[in-house]
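>>> Have a look; sequence and predicted model below, questions after that.
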Amino acid sequence: MTDIAADQPAVTEADGPQIMSWDSGVRRAMTIYVPLTVFVLVLLFPFYWMAITAFKPNGELMNYKDNNPFWINHPTFANINKLLFETDYGHWLTTTMGIAFGSTFLSLFASVLAAYAIQRLRFKGSEYVGLAIYAAYLVPPSILFIPLAQVVYQLGLFDTPYALILTYPTFLVPFCTWLLIGYFKSIPYELEECALIDGATRLQILRRITLPLAVPGLISAGIFAFTLSWNEFIYALAFISSTEKKTVPVAVLTELVQGDVYHWGSLMTGALLGSLPVAIFYMFFVEYYVSSLTGAVKE
Amino acid sequence: MDASTWQPSRAQPNWLVRLFDYKPFLIFICLLPACGLLLAFLTYPLGLGIYLAFTDTEIGGNGEWVGLDNFISLMDDRIFLTSVWNTLFYTFTATVLKFGLGLWLALLLNHQIPFKSFLRAIILLPYITPTVLSAIAFWWIYDPQFSIISYVLVDRLHILDHYIDFLGTPWAARWSLIVANVWRGIPFVAITLLAGLQTISPSLYEAALLDGASPWQSFRHITSPLLMPILAIVMTFSVLFTFTDFQLVYAITRGGPINSTHLMATLAFQRGIPGAQLGEGAAIAVAMIPFLIFATFFSYYALGRRKWQQGSDND
């Protein structure tokens, strides 16, 4: 693993030409640090560009001859002001937040119970139920949105936030359930047996023993679900039509683009502000996030 | 007599508790929310979608059963055929690039380097930010007049003598979309493969080093076989989500110029929702299903086979 590279400086020249040549500082820099720097720069550049565009006055934005486009000479908050006070942006943010929290809670509730039933109550065919829920994750929203639009319409939920709160769990529940099954697996079953002998009911066990021990798993699943609902686009585009009920990703694309003249300043500000909540959320929980991303794949 | 009076007094207040402790009932209750949601909003719509594909339903009306008519007319539809070709080309090229570059990045991160967890955290940023919003940033980067890429190539480096029209011609637009998709996909591939790399025991590499294996040999004979199972799963997901991609194309080109960059998903949307032809849109969406099943089986079994050949369990 990582130790190979680390151990090598300790290896003396006597260990053979291969190791030596591989170990030389220049070569290490060329094969590791240079490509890594390029990767990081390319992956981060669009964010830098987004941020710098958001604070540029229009004159600088459209004039590369007299200004260095990579820097801002006269930073301005005009775009942010315009976005927050002249559009429904604040409204979109709160709507998106509400929908993301609602669907996350609903999904977590359903997933905890399902994962507990599959992993701990163990009944005949529980594995198949687990597999069926997992298979649901393989059904992409792009196939479902047309018939779902009709279902949503028939239920009278069209153009309401409930349309999204109820449909987002279709991709959140499978993911969360699998993550939580993995977590429940890691909790010793003996703890539950002890509680059973002491006369606790199954629900008491779930509430008092299993759930508190599965908190890291709940956090991982919750963060992931929140991010996925915040970023969701196709359902929000298809099921919501009135301006003030739109979610941020949809609203930025459909409401801030007017006519043929693109107001790149306010568009980039909208994109930046819309990315910030998930980015901040993510920064606080990076480790949970990485573990849920990799855990779900390994399961 | 003692017993008969005592028993009900204990059982009476607890009948609800006892019901919830009755295992079959508890299993039913526990599975109800998840299965109910999935059946109502996933299984039923999936079936409904397949049914709609055989009707001429429009928004707000009930359609008639038209059999294979939708599919037959799609077969002569140049825009549809272009979208199928685009989808296959987009999926294949983007997947190859994503996995090539993602694996490279994972191998780089697997070295002992300073600020590793910080690097890992910022590398994931493109993956966690809303796709549409980063797509808008790419849209701006691809602007015909003020593209920063053109500016650097033309005005700074003097490699080209004219600005590139990234989204104006079909092929340029296709490649621009692929680059945006690869940019967004690399972090996911890299971080998941990095997790796979870290499960490989260092002692294997030490043994190979002692036996005089070159770095390439140890990659070929240790890393790649042990990474295969996780690679198969990551690739299954990646292919699935690239094939059904919607957001990037919808945000950057909306299928243009002249419908030449439509993917099947965006075409299904255009026909189904703004075009109000739900039946035809559903037929396009249903046409994706065979490709998806094939891609899933292919990447899972072709790559994942080694796993059950080794006889390891599924954990």
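Received, thanks.
>>> Quickly list the domain ranges of chain A.
Listed by automatic domain parsing, the domain ranges of chain A are A:1-44, A:55-86, A:87-298.
>>> Just the mean pLDDT for the last one, thanks.
Throughout domain A:87-298, pLDDT has a mean value of 87.
>>> go on, the first one?
Per-residue pLDDT values over domain A:1-44 give a mean of 65.
>>> Below-threshold pLDDT in the stretch 201-315 of chain B: ranges please.
B:302-315 (pLDDT under 70).
>>> redo that, cut-off 50
Applying pLDDT under 50 to the stretch 201-315 of chain B picks out residues B:306-315.
>>> Pull up the residues of it that are close to chain A.
Residues of the stretch 201-315 of chain B lying close to chain A (C-beta under 8 Å from any C-beta of the partner chain) are B:201-202, B:205-206, B:209, B:212, B:214-215, B:230, B:233-234, B:237, B:240-241, B:243-247, B:250-251, B:264-265, B:268-269, B:272-273, B:278, B:281-282, B:285-286, B:288-289, B:292, B:296. To be clear about C-beta, it is placed using only N, CA and C from the backbone, and glycine gets the same treatment.
>>> out of those, which are buried?
Neighbour counting by 16 or more other C-beta atoms under 10 Å in any protein chain shown classes B:205, B:209, B:230, B:233-234, B:237, B:240-241, B:243-247, B:250-251, B:264-265, B:268-269, B:272-273, B:278, B:281-282, B:285-286, B:288-289, B:292, B:296 among those as buried.
>>> So which residue is dead centre in the chain?
Picking chain A for this. A:T227 (3.3 Å; C-alpha atoms, centre = their mean).
>>> um, chain B though
Geometric middle of chain B (C-alpha atoms, centre = their mean) lands on B:F241, at 2.0 Å.
>>> okay, now the closest residue in space to it that isn't next to it in sequence: neighbour count?
Nearest residue to B:F241, sequence neighbours excluded (C-beta to C-beta, 6 or more residues apart in numbering or on different chains): A:P140, at 6.8 Å. Number of residues near A:P140 (other C-beta atoms under 10 Å in any protein chain shown) recorded here: 21.
>>> give me every residue that touches A:P140.
Residues in contact with A:P140 (C-beta atoms under 8 Å, 6 or more residues apart in numbering or on different chains) are B:240-241, B:243-244, B:292.
>>> same thing but 10 Å
Contacts for A:P140 were tallied using C-beta atoms under 10 Å, 6 or more residues apart in numbering or on different chains; they are A:171, A:234, B:240-241, B:243-246, B:265, B:285, B:288-289, B:292.
>>> Contacts only, for residue 179.
You didn't pick a chain, so chain A it is. Shown in contact with A:L179 (C-beta under 10 Å, 6+ apart): A:111, A:115, A:214, A:217-218, A:220-222, A:224-225, A:291-293, A:295-296, A:299.
>>> oops, I was thinking of chain B
Counting by C-beta under 10 Å, 6+ apart, B:V179 touches A:42, B:93-94, B:97, B:138, B:141-142, B:149, B:166.
>>> returning to that earlier point: let me have the domains of chain A in CSV, extended by distance to B:A173.
Converted to CSV, those look like this (distance: least, C-beta to C-beta, whole Å):
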stretch, distance to B:A173
domain A:1-44, 20
domain A:55-86, 23
domain A:87-298, 17
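>>> May I see the contacts of B:V179 organised as a markdown table, with secondary structure and distance to A:Q119 added?
Below are the contacts of B:V179 laid out as a markdown table (DSSP: H, G, I helix; E, B strand; the rest coil; distance: C-beta to C-beta, whole Å):
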| residue | secondary structure | distance to A:Q119 |
| --- | --- | --- |
| A:V42 | helix | 41 |
| B:T93 | helix | 40 |
| B:A94 | helix | 36 |
| B:L97 | helix | 38 |
| B:F138 | helix | 42 |
| B:I141 | helix | 46 |
| B:Y142 | coil | 47 |
| B:I149 | helix | 50 |
| B:F166 | coil | 49 |
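>>> Narrow these to those that are buried.
The buried subset of the contacts of B:V179 - by 16+ other C-beta under 10 Å - is B:93-94, B:97, B:138, B:141-142, B:149, B:166.
>>> In JSON lines: those residues, plus distance to chain A.
Converted to JSON lines, the buried ones among the contacts of B:V179 look like this (distance: C-beta to the nearest C-beta, whole Å):
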{"residue": "B:T93", "distance to chain A": "18"}
{"residue": "B:A94", "distance to chain A": "15"}
{"residue": "B:L97", "distance to chain A": "13"}
{"residue": "B:F138", "distance to chain A": "6"}
{"residue": "B:I141", "distance to chain A": "6"}
{"residue": "B:Y142", "distance to chain A": "11"}
{"residue": "B:I149", "distance to chain A": "10"}
{"residue": "B:F166", "distance to chain A": "14"}
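>>> any chance of the residues you listed in a markdown table, with pLDDT too?
Listed next are the buried ones among the contacts of B:V179 as a markdown table, based on pLDDT from 0 to 100:
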| residue | pLDDT |
| --- | --- |
| B:T93 | 95 |
| B:A94 | 95 |
| B:L97 | 95 |
| B:F138 | 91 |
| B:I141 | 90 |
| B:Y142 | 90 |
| B:I149 | 86 |
| B:F166 | 84 |
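>>> and of those, the nearest to B:P114?
Of all the buried ones among the contacts of B:V179, B:P114 sits closest to B:L97, with 28.2 Å by C-beta to C-beta.
>>> need the contact list for the residue nearest to the closest one when sequence neighbours are not counted.
Nearest non-adjacent residue to B:L97, counting by C-beta to C-beta, 6+ apart: B:V182, 4.6 Å away. When contacts are counted by C-beta under 10 Å, 6+ apart, B:V182 touches B:93-102, B:189, B:242.
>>> do that again at 7 Å, thanks
B:94, B:97-98, B:101 (C-beta atoms under 7 Å, 6 or more residues apart in numbering or on different chains).
>>> same deal with A:T95?
Taking C-beta under 7 Å, 6+ apart, one finds A:161, A:245, A:247 in contact with A:T95.
>>> if I read this right, B:G196 contacts B:I233, doesn't it?
No. The criterion here is C-beta atoms under 7 Å, and B:G196 misses it with B:I233 at 9.3 Å.
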